[in-house]
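Enquirer: Please find the sequence and the predicted model below.
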Amino acid sequence: MKEKRTQEEKLTSSLTAFLPYEGEELKLKSSDVFLVSYPRSGNTWTRAIIANILYPHESLEALKDLNVYVPDIYWGEPPTVDPAKARVIKTHRPYPLRHERQDESLYSKVIYLIRHPYNVARSLYHYTSFRNEGLDWDLVLSAMITGNNRWGSWMGNVLSWKALEQEREMLFIRYEDLQEKPVEKIQVIADFLGFPVDFDRATTINENCSIDRMKKMEEKGSIRGKRFEFVRRSGDYRILENDLSEKGKHALWEGCRYCMDMFGYSRDLA
């Protein structure tokens with residue numbers, strides 16, 4: 001029991017390594033737009049895309065600069081780049097229901113980035129296990145299915161925001177679609193933000209946010225000194241030898257099926 005608790009603490013500490021105390025949260029405004037996703041769903045990549053959309057004349061050289069342009073909800077007030085523009089704020093948490101003290105003016109415009117839970121689990125496991133030897137796959141799956149973490153379950157997180165779709169401005173983007181049709185989806189995101197871009201500009205943004213470019217930005221200055229491991233070597237033994245098992249896929253399917261069906265995610269993904 002003690003060993004399991006220690007591993008749970010390692011998992012939590014790895015995922016919260018970038019977060020200060022919650023008392024340092026941003027002071028939210030009714031004009032704020034939110035970029036939401038479950039951890040390891042492509043949020044940092046999408047932040048870079050949004051920074052390029054909103055600030056075309058700024059040069060994003062290092063990942064640490066992202067918090068200036070698309071701040072994290074937990075990081076306190078960033079420098080003001082352009083007060084005339086709506087602020088886009090990144091968060092991983094589920095919609096924050098507050099009994100009898102809900103501010104209905106907040107969270108009125110949201111981009112939700114969703115990724116196939118099998119690949120979220122893979123990324124979550126490899127990201128945390130690179131920092132914690134011997135991390136148990138079962139703990140990662142339990143965190144995603146039962147929600148024993150600050151972000152809740154994968155499905156609970158998705159549904160908490162999906163429930164707002166009829167009363168708020170919501171844009172759901174599948175990570176897989178952003179990968180497959182990046183220029184098209186960049187234009188969709190830009191239109192939603194009220195800063196439309198043409199095909200050529202969207203193509204440039206896509207090039208600015210390529211995997212190679214993101215890796216170079218990480219090398220020039222990672223967020224709070226932490227490495228995100230954007231590019232993994234295909235020969236890494238830990239990735240090759242310790243992939244998501246069929247049993248793990250079945251557990252995720254059973255625990256996430258409703259949302260997987262909703263967003264067109266197959267049970268049979270390799």
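Expert: Happy to help now that I have it. Residues are numbered from 1 along each chain as shown.

Enquirer: contact partners of stretch 88-108?
Expert: Outside stretch 88-108, the residues that touch it by Cβ atoms under 8 Å, 6 or more residues apart in numbering are 26, 28-30, 32-39, 43, 47, 50, 54, 70-74, 111, 150-152, 156-157, 160-161, 163-164, 168-169, 193. (Glycine included, C-beta is placed from N, CA and C.)

Enquirer: Output it in CSV, but only the C-alpha positions, please.
Expert: Only the C-alpha atoms of stretch 88-108 are listed here, as CSV (Å, rounded to 0.1, in the frame of the first residue of the first chain):
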residue,chain,number,x,y,z
VAL,A,88,-6.3,33.1,-24.3
ILE,A,89,-5.6,31.0,-21.2
LYS,A,90,-4.5,27.4,-21.0
THR,A,91,-5.9,25.0,-18.5
HIS,A,92,-6.2,21.2,-18.0
ARG,A,93,-8.8,21.2,-15.4
PRO,A,94,-12.5,20.3,-15.8
TYR,A,95,-15.1,23.0,-15.9
PRO,A,96,-15.0,24.5,-12.3
LEU,A,97,-18.5,24.2,-10.9
ARG,A,98,-18.7,26.3,-7.7
HIS,A,99,-21.9,25.7,-5.7
GLU,A,100,-23.8,29.0,-5.2
ARG,A,101,-20.9,31.1,-6.3
GLN,A,102,-20.5,30.5,-10.0
ASP,A,103,-19.5,33.5,-12.1
GLU,A,104,-21.6,32.9,-15.2
SER,A,105,-19.7,35.6,-17.1
LEU,A,106,-16.5,33.5,-17.1
TYR,A,107,-15.6,30.6,-19.5
SER,A,108,-17.9,32.0,-22.1
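
Enquirer: Can you identify each of the helices in the stretch 1-150 of the chain by residue range?
Expert: 2-15, 43-54, 66-69, 117-129, 137-146 (DSSP state H, counting those that start in this stretch).

Enquirer: Would you indicate which residues of the third one are buried?
Expert: When burial is assessed from 16 or more other Cβ atoms under 10 Å, helix 66-69 yields the following buried residues: 66-67, 69.

Enquirer: pull the CA atoms of that helix into CSV?
Expert: Presented in CSV, the C-alpha positions along helix 66-69 are these (Å, rounded to 0.1, in the frame of the first residue of the first chain):
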residue,chain,number,x,y,z
LEU,A,66,4.5,30.9,-24.4
ASN,A,67,3.3,32.0,-21.0
VAL,A,68,3.6,35.6,-22.2
TYR,A,69,1.3,35.1,-25.1
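
Enquirer: Centre of the chain to it, how far?
Expert: Distance of helix 66-69 from the chain centroid (Cα atoms, centre = their mean, to the nearest Å) equals 15 Å.
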